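Engineer: Okay, predicted coordinates and the sequence, questions at the end:
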Amino acid sequence: MKIGAIVDMSGVYSQNGGPGAVLAARMAIEDFGGKVGGKPIEFVSADYQNKVDIALGTARRWFDNEQVDMLIESTDSAAALAMQNLGKDKARLTIAAGSGTSELTGKSCSPTGIHYVYDTYALASGTGRAVVQAGGKSWYFLTVDYAFGNSLERNAVQVIKDSGGDIKGSVRHPLSTQDFASFLLQAQSSGAQVLGLANSGQDTINSVKQAAEFGLTASMKLAALLIFNTDVKGIGLPIARGMLFTTAYDWNLDDQTRAFGRRFQARFGSPPTMTQAGFYSAVTNYLKAVEATGTDFASDIVAKLKSQPINDFFARNGRLREDGLFVHDMYLVEVKQPEESTEAWDLVKLRQTIPADEAYEPLGQSACPLVRKKS
């Protein structure tokens, strides 16, 4: 039994997944006992360097030459789509645990592909709806220009319009942008009430910090559509305070999340992000399915995972749907005021639990060819 993890180890997304995701996978294997069905569990990892060709080449080598049975990723969405398609061709299981595009379970869905932690629809619907309901009716988007950002903006626009909001425009920026000045000036001149940030990682940190430096936050509310606890920490509570966002997991939510969070922090130095916690959950539930079925065939594993609910410290009311989307409760949280924080990583407070059936796009609207349409 061999598991492979492909992540960003040093680039723009490394704090969200990266070395922490690799550790979480290793912890899951350790906690499982290091064996399944009497066979030792091997684990390999690789840095894809934010390049689709490296991710795809690594995955191909692992599947063809190194007998990797399951691949789990925390990469960009373009790389995730490419690896999922390869997994389909090779009849190997792929788990997207860091990329966000809803296309993974849309037209590009795969019988051997699972989208585990979050998707762009869930992120956009929770935050977009809440901000509009709070009075943020007119929006302008700052969007990272690749599959993830475009999907996130598209999903958010639909939710905002359905909620009675209006879109003033958008501008796209390259991945790993350092200077957002020209993009922020365009946003400010739009007259919109809300700047929707359809980016992630260091791009989100830089854009929020620079928006504050330029005084843009005096006239526009910032809505980060994908943000991690590491991003909030990087921005700092004095700047990020009051910001609403949707997340799949917060380490300080309850006793269950804190138990894993403290244990992870003791080994890593900081609590897990939702991607890192999701890695642990996904690997653990994969191994349980292998043990229960007595096989490593991807189709049998997927069928087993779809046959029963999944509830653990990460996922509440979780289930794997026909389209390969793992749906579970999501959370609308608000960044705390500095005086509300009781310790270094006490960053957010819960505003609303979004039930799984409300958080994700209804199965009946899925474009996935695997979904049986009801007449």
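Structural biologist: Yes, it's here. Numbering: from 1, shown residues only.
Engineer: Number of residues surrounding Tyr254?
Structural biologist: Heads up, residue 254 is Asp, not Tyr. The number of residues packed near Asp254 is 11, by other CB atoms under 10 Å. (Each C-beta comes from the backbone N, C-alpha and C, glycine too.)
Engineer: Strands of the stretch 51-200 of the chain, residue ranges please.
Structural biologist: In the stretch 51-200 of the chain, the segments counted as strands under DSSP state E, counting those that start in this stretch are 70-74, 93-96, 113-115, 138-144, 166-173, 194-198.
Engineer: is it possible to export the ones you listed to JSON lines including mean pLDDT and mean neighbour count?
Structural biologist: Shown next, in JSON lines, are the strands of the stretch 51-200 of the chain (pLDDT from 0 to 100; neighbours: other CB atoms under 10 Å):
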{"stretch": "strand 70-74", "mean pLDDT": "98", "mean neighbour count": "28"}
{"stretch": "strand 93-96", "mean pLDDT": "98", "mean neighbour count": "30"}
{"stretch": "strand 113-115", "mean pLDDT": "98", "mean neighbour count": "29"}
{"stretch": "strand 138-144", "mean pLDDT": "97", "mean neighbour count": "24"}
{"stretch": "strand 166-173", "mean pLDDT": "97", "mean neighbour count": "16"}
{"stretch": "strand 194-198", "mean pLDDT": "96", "mean neighbour count": "28"}
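Engineer: correct me, but Leu81 touches Ala147?
Structural biologist: Yes: using CB atoms under 8 Å, Leu81 is in contact with Ala147, at 6.6 Å.
Engineer: so what sits against both of these two?
Structural biologist: Residues touching both Leu81 and Ala147 (CB atoms under 8 Å, 6 or more residues apart in numbering) are 101, 103.
Engineer: Out of the strands of the stretch 51-200 of the chain, which gets nearest to Ser219?
Structural biologist: The minimum distance between Ser219 and the strands of the stretch 51-200 of the chain falls on strand 194-198, with 9.7 Å, by CB to CB.
Engineer: Could you save the strands of the stretch 51-200 of the chain as a markdown table and add columns showing distance to Thr293?
Structural biologist: Shown next, in a markdown table, are the strands of the stretch 51-200 of the chain (distance: least, CB to CB, whole Å):
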| stretch | distance to Thr293 |
| --- | --- |
| strand 70-74 | 13 |
| strand 93-96 | 12 |
| strand 113-115 | 15 |
| strand 138-144 | 39 |
| strand 166-173 | 44 |
| strand 194-198 | 39 |
